[in-house]
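Visitor: following is a predicted model, sequence given first.
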Amino acid sequence: MCPPEHFTVEYAINPWMDTTVAVDAARALTQWESLRTTLVNLGHLVHVLDARPGLPDMVYSANGAFSVDGTVYGARFLYPQRADEASAHQAFYDTDSAWKFVAPQHVNEGEGDFAYLPAAYGGIVLAGYGFRTDPAAHAEAQEVLGRPVISLRLVDPAFYHLDTALAALDDRHVTYYPAAFSAASQRVLAQLFPDAVLADRADAEAFGLNLVSDGRHVILNTDAVGMGHKVRDAGYQPVHVDLSELKRGGGSVKCAVAELRA
Ligand code: ARG
C-alpha cells in the first residue's frame, strides 16, 4: 500500500475524476489508514511504499505490478502522468532477491487489469483490455508468468480496469458485473465460472467489485451495501471500510492494495 500523502485529482484519465471538486487530503489519509489497520487486524502483513511528490495517483498501488509465485511482471502505465510510479514499485521488488522482477515491453497497469486464481484450472490469470492494458501485454504476461492468461474485453468506460468489474473471492471463485464485458467475454466468463457471484450495475458503480478478499473476509467500501449482502450470502464475511475520497480518483479498496504473491 502507498499512503495518499500527495493525493489530488488534478487531471482526469477516467470518468470518475472531476478536477473541479477538491479532494479532502486529510480525510483521504485517515480513510487509507483505516483500510491498512483493517488488513493488519485481520492478520495480514502490509508493506508501505513511500509516496512520491508529483504522483497523485500513487495511492492506487495495485497498478504498479502483478506477481505470481515470486515472479513479478512490472507495470507500464498508459498515461504519462502515472509513468514514474512503475520504477517506485520495481525498486520495492528489487530490494528483495526472493522476487524475480521482469520489466514489461507492453503497456499494462498491473493488478488493475490482471487477477490470479491459483486454484482455478491449475492456476489461471484473468486479464482485462479495452481501456488501459494493451492486449499484447496479456501474451507477454503469459510468457513471463507461465500461466494461461484469459483475455477479457472491457466495454464500459466507467469500468476501465478489470478490478472495477471483477474480483477474486478466493483461490477459485470470482464475482463480476457482466455488462462491463463484451458479449463474447461474458460467454467466456460464464463458461469458466458457472458459479460466479453476479453483480449488478449499482454494485459496480458503488465500487463493490473493487474488493480485496483473503478467502474468508471480503473487504469492500461502505457504499457497496448490496455487494456486502451478496458476498455474505455466498459464504464470505464482508468487512466495510469508508474510502469515499479515493473514489474521487476512480478507485477503492482493491486499487489501494497490491497483493504480494511470493
Ligand atoms: N486515477 C487512477 C487512474 O485512473 C485510478 C486507478 C485505480 N486503480 C485501479 N486499480 N483500478 O489510473
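Guide: Structure received.

Visitor: what sits against residue 213?
Guide: 167, 168, 169, 170, 219, 231, 236 (CB atoms under 8 Å, 6 or more residues apart in numbering). The way it works is simple: take the backbone N, C-alpha and C, and place the C-beta from them, glycine included.

Visitor: wait, I meant residue 101
Guide: 65, 72, 74, 90, 93, 94.

Visitor: before we move on, back to that, list just the nearest of the contacts of residue 213 to the ligand.
Guide: residue 167 (11.0 Å; CB to the nearest ligand atom).

Visitor: anything in the longest helix along the chain near the ligand?
Guide: Counting by DSSP state H, the longest helix found in the chain is helix 25-41. No. On the criterion CB under 6 Å from any ligand atom, helix 25-41 is out of touch with the ligand, staying 12.6 Å away.

Visitor: in helices, which of the contacts of residue 101 appear?
Guide: Going by DSSP H, the helices hold 90, 93, 94 from these.

Visitor: closest to residue 47 among those residues?
Guide: Nearest to residue 47, judged by CB to CB, of these is residue 93 at 10.6 Å.

Visitor: for the closest one, give me its contacts.
Guide: Contacts of residue 93 (CB under 8 Å, 6+ apart): 65, 67, 72, 99, 101.

Visitor: what residues does this structure have near the ligand?
Guide: So the chain meets the ligand at 13-14, 17, 57, 60, 62-63, 82, 112, 161, 163-164, 249-251, 255 (CB under 6 Å from any ligand atom).

Visitor: neighbour-wise, give me the winner out of those residues.
Guide: Neighbour counts for these, by other CB atoms under 10 Å, peak at residue 163, which reaches 31 neighbours.

Visitor: could you pull out the helices for this protein?
Guide: 25-41, 85-94, 135-145, 183-192, 201-205, 225-233, 244-247.

Visitor: coming back round to it: need the contacts of residue 213 in a markdown table (columns: neighbour count and pLDDT).
Guide: Below are the contacts of residue 213 laid out as a markdown table (neighbours: other CB atoms under 10 Å; pLDDT from 0 to 100):
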| residue | neighbour count | pLDDT |
| --- | --- | --- |
| 167 | 27 | 98 |
| 168 | 23 | 98 |
| 169 | 21 | 98 |
| 170 | 18 | 98 |
| 219 | 23 | 98 |
| 231 | 24 | 98 |
| 236 | 22 | 98 |
